[in-house]
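Student: Got a predicted model here, sequence first, then my questions.
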Amino acid sequence: MLELRDLCYSVDTPEGGLDILRNISLTIPDNRLVVFTGPNGGGKTTLAKAIMGLVQPTSGQILWNGEDVTGLSITERARLGISYGFQQPPRFKGIKVKDLLGLASDKKLLSKKDACSYLTQVGLCANDYLDREVDTSLSGGEVKRIEIATILAREPRLMILDEPEAGIDLWSFARLTETFGDLHAKASCTMIIISHQERILSLADEILVVNHGTITHQGPPEEVLPAIVAGTLGDCPMITKEATA
Amino acid sequence: MSELNSVDTALLEVIAEMKNGAAPGAYNIRKDSGCAGRMNTENVVITSKEDKPGIDITFAPGCKETCHIPVIITESGLKETVYNDFYVGEGADVLIIAGCGIHNCGEDASEHDGIHAFHIGKNAKVKYVEKHYGEGDGLGENIMNPTTIAELDEGASLQMDTSQIAGIDSTRRDTRIICAAGAEVVVTERLLTHGKQHADSDMEIVLNGADSKGRVISRSVAQDDSVQVFRPRVVGNAKCFGHVQCDSIIMGSAKISSVPEIAANDIDAQLIHEAAIGRIAGDQLLKLETLGLTPEEAEDRILKGFLA
């Protein structure tokens, strides 16, 4: 179970302190699929990064399976089963796709069969990619799908994905949503996905609308989605009727 | 011939992947300016030069062979200049594994200046692998100054992979490769410097023949207070293709100067150069940490991949 208690994060600006996260408290039971949505700059990514340790909160607590992980490093959290898929994954000269999957996997030697399986789940043909370097020769969509494959390879207990749909074509996106749905059905991990896509929003057990550093709305898709579409949740311009059409 | 001890065999394994001083095919082991082992085969003949230090290596036309020619120096203060000439017959397909290892536990500088000249016949194919490595707990510097001159006849190819792994305090590398029509050269240079080491590399690829190709790939990491200077140059004198790519990672208080140059003397010469110097990107480290690596492990892995 993931529990956030009064999580705050603020930064200094020339105009004074700016609150990015304001007293966020939240409990996510095991094996739930929760989607963070909301306008750009609302605090979704910062909240997700704080859970992974990529951002150190100014105050508050993060508990993972009852353990206070607020002061733990990224590495320590990763070893506790928390994983994070970046919105814009980095590229590595000289590191091949199979190397990255091998690093991600806790298995000492990742089998080709397993590596292929992870790539297939994100809609990539393993034979075309395993020996390619994760460098600028890959498109943004390819790097993004490899990023998600590395998260699958970790077989985490808590999977955080920041806009997995970004840069991915419609056909591959359909494959990805299917993978997320299958993972959720297996109830093998808790999933937090930052997304604006209705297909992902509708997979959720719960949708959280994050805006102005707080959770402004929270509920199942059947409650929150119609409100988003109707525009009754306030300023949430990222989600439009066209996006859900 | 001198005997090989455990230090020698360890060096030979690092620089030339030779197990217990042995290798398949022809070989010549140079140790402390002497010969510590030589094997000729039907197609590969190695002979000592009579007028100066070094060897001539002749590969028969059409042969497919492997040849190891490592150099090791374990005597502190030894300085040598060695001339090795390679004659590769028409249509031959050869792998040459060179490499120089210095084990210096003394106070004096040890230095190996290797001057290699390749004469590569028509349509012959050569892969040349060279590793430089230094070790030892003495104060004496390990110095290597390799010079490589290669002439490729029509349709010949040369793949030259050089790497300086660690422990070389000072190196000055001069490389000059001349390509005739249809010849192709790919030079991959990998370099890691640390401490107060200094590395200087001048390279010139001259594309004289029609449809000749030259490619330079340089990857380097400069750590601590080390200094690196690269000057790769590709000259196109005919319809040809040339590409220079220099990538460096800078760390600590190191200094890197990368000066790629392309010069076209023919309207159909197509030449490109790219050069980049930068530190390890923070998002790369963070990504690997999210995979469970410590920051130190992440840095090592990034550097290992970059120099692989």
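Tutor: Here it is on my side, so go on.
Student: Could you use CA atoms for every contact and neighbour count after this?
Tutor: OK.
Student: so where's chain A uncertain?
Tutor: Along chain A, segments meeting pLDDT under 70 span A:107-108, A:231-245.
Student: near chain B, which residues of it show up?
Tutor: A:52, A:54, A:74-79, A:82-84, A:86, A:89-95, A:103-104, A:154 (CA under 8 Å from any CA of the partner chain).
Student: Inside strands: which ones of those residues?
Tutor: Here DSSP state E is the test, and the residues of chain A next to chain B give A:82-84 as lying in strands.
Student: Any residue of the helix ranked longest in chain B touching chain A?
Tutor: Across chain B, the helix with the greatest residue count (assigned by DSSP state H) is helix B:295-307. Yes - against chain A, helix B:295-307 shows contacts by CA under 8 Å from any CA at B:295, B:302, B:305-307.
Student: what do you get for stretch B:266-283?
Tutor: Yes - using CA under 8 Å from any CA, we find that stretch B:266-283 touches chain A at B:Asp283.
Student: hmm, who's touching the longest helix of chain B?
Tutor: Applying CA atoms under 8 Å, 6 or more residues apart in numbering or on different chains, the set of residues contacting helix B:295-307 from outside is A:75, A:92-95, B:190-191, B:219-221, B:280, B:284-286, B:288-289.
Student: before we move on, the earlier item: going through the residues of chain A next to chain B, which ones are buried?
Tutor: A:52, A:54, A:74-79, A:82-84, A:86, A:89-95, A:103-104, A:154 (16 or more other CA atoms under 10 Å in any protein chain shown).
Student: Give me the next element, helix or strand, following the longest helix along chain A.
Tutor: Ranked by residue count and defined by DSSP H, the top helix of chain A is helix A:170-186. Downstream of helix A:170-186, the next assigned helix or strand under DSSP states H and E is strand A:190-194.
Student: Can you pull the phi/psi pair for the residue positioned nearest the centre of chain A?
Tutor: Closest to where the C-alpha atoms of chain A average out (CA atoms, centre = their mean) is A:Leu161, at 1.4 Å. For A:Leu161, the backbone dihedrals (degrees, to the nearest 10) come out as phi -130, psi 120.
Student: Same check on A:Asp162?
Tutor: Torsion angles, degrees, to the nearest 10, at A:Asp162: phi -100, psi 110.
Student: what sits up against stretch B:183-194?
Tutor: Contact with stretch B:183-194 is made by B:123, B:152-168, B:179, B:199, B:209, B:211-228, B:307, as judged by CA under 8 Å, 6+ apart.
Student: Likewise for stretch A:83-94?
Tutor: So stretch A:83-94 is contacted by A:52, A:133-136, A:143-144, A:147-148, A:151, A:154, A:156, A:158-164, A:166, B:283-284, B:287, B:290-291, B:302, B:305-308 (CA under 8 Å, 6+ apart).
Student: chain center to that stretch: distance?
Tutor: 13 Å (CA atoms, centre = their mean, to the nearest Å).
Student: Indicate whether whatever helix or strand B:Arg215 lives in makes contact with chain A.
Tutor: Assigned by DSSP H and E, B:Arg215 belongs to strand B:212-222. No - on the criterion CA under 8 Å from any CA, strand B:212-222 is out of touch with chain A, staying 9.9 Å away.
Student: CA atoms only for that strand - export them in PDB, please.
Tutor: Extracted C-alpha coordinates of strand B:212-222, given in PDB (Å, rounded to 0.1, in the frame of the first residue of the first chain):
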ATOM      1  CA  SER B 212      36.800   5.600 -51.400                       C
ATOM      2  CA  LYS B 213      35.300   5.900 -48.000                       C
ATOM      3  CA  GLY B 214      36.700   7.000 -44.600                       C
ATOM      4  CA  ARG B 215      35.000   7.100 -41.300                       C
ATOM      5  CA  VAL B 216      36.400   8.200 -37.900                       C
ATOM      6  CA  ILE B 217      34.600   7.400 -34.700                       C
ATOM      7  CA  SER B 218      36.200   8.800 -31.600                       C
ATOM      8  CA  ARG B 219      34.800   8.200 -28.200                       C
ATOM      9  CA  SER B 220      36.700   9.400 -25.100                       C
ATOM     10  CA  VAL B 221      36.300  10.000 -21.400                       C
ATOM     11  CA  ALA B 222      38.500  12.400 -19.600                       C
END
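Student: Check which helices and strands it sits against.
Tutor: If you count contacts as 3 or more CA pairs under 8 Å, 6 or more residues apart in numbering or on different chains; DSSP states H and E, strand B:212-222 packs onto strand B:184-193, strand B:198-207, strand B:227-236, strand B:240-250, helix B:295-307.
Student: at 7 Å what do you get?
Tutor: strand B:184-193, strand B:240-250 (3 or more CA pairs under 7 Å, 6 or more residues apart in numbering or on different chains; DSSP states H and E).
Student: Which neighbours in the sheet does the longest one have, and how are they oriented?
Tutor: Partner strands for strand B:240-250, per DSSP bridges, with pairing direction: strand B:212-222 (parallel), strand B:269-278 (parallel).
Student: for the shortest one, same thing?
Tutor: Strand B:184-193 has these partner strands in its sheet, going by DSSP bridges: strand B:157-166 (parallel), strand B:212-222 (parallel).
Student: quick one: which of these has the weakest pLDDT on average?
Tutor: Mean pLDDT is lowest for strand B:157-166 out of the strands paired with strand B:184-193, coming in at a mean of 90.
Student: Let me know the distance separating A:Asp99 from A:Leu130.
Tutor: Separation of A:Asp99 from A:Leu130 (CA to CA, to the nearest Å): 8 Å.
Student: can you check B:Phe241 too?
Tutor: For B:Phe241, the distance to A:Leu130 - CA to CA - is 29 Å.
Student: likewise B:Glu296?
Tutor: Per CA to CA, B:Glu296 is found 26 Å from A:Leu130.
Student: Any idea how many residues pack against A:Glu133?
Tutor: By the criterion of other CA atoms under 10 Å in any protein chain shown, A:Glu133 has 20 neighbours.
Student: So it sits against A:Val97, correct?
Tutor: Yes - with contact defined as CA atoms under 7 Å, A:Glu133 counts as touching A:Val97 (6.0 Å).
Student: what's the helix or strand for A:Gln61?
Tutor: Using DSSP H and E, A:Gln61 falls in strand A:59-64.
Student: Give the pairing partners of the following helix or strand past that strand; include direction for each.
Tutor: Helices and strands here follow DSSP H and E; after strand A:59-64, the next one along the chain is strand A:67-68. When pairing is defined by DSSP bridges, strand A:67-68 lines up against strand A:59-64 (antiparallel).
Student: got the CA positions of the partner strand in CSV?
Tutor: These are the backbone C-alpha positions of strand A:59-64, laid out as CSV (Å, rounded to 0.1, in the frame of the first residue of the first chain):
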residue,chain,number,x,y,z
SER,A,59,7.6,18.3,4.1
GLY,A,60,5.3,15.3,4.6
GLN,A,61,5.7,11.6,4.5
ILE,A,62,5.7,8.8,1.9
LEU,A,63,5.0,5.3,3.2
TRP,A,64,5.4,2.2,1.1
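Student: Right, I'll leave it there.
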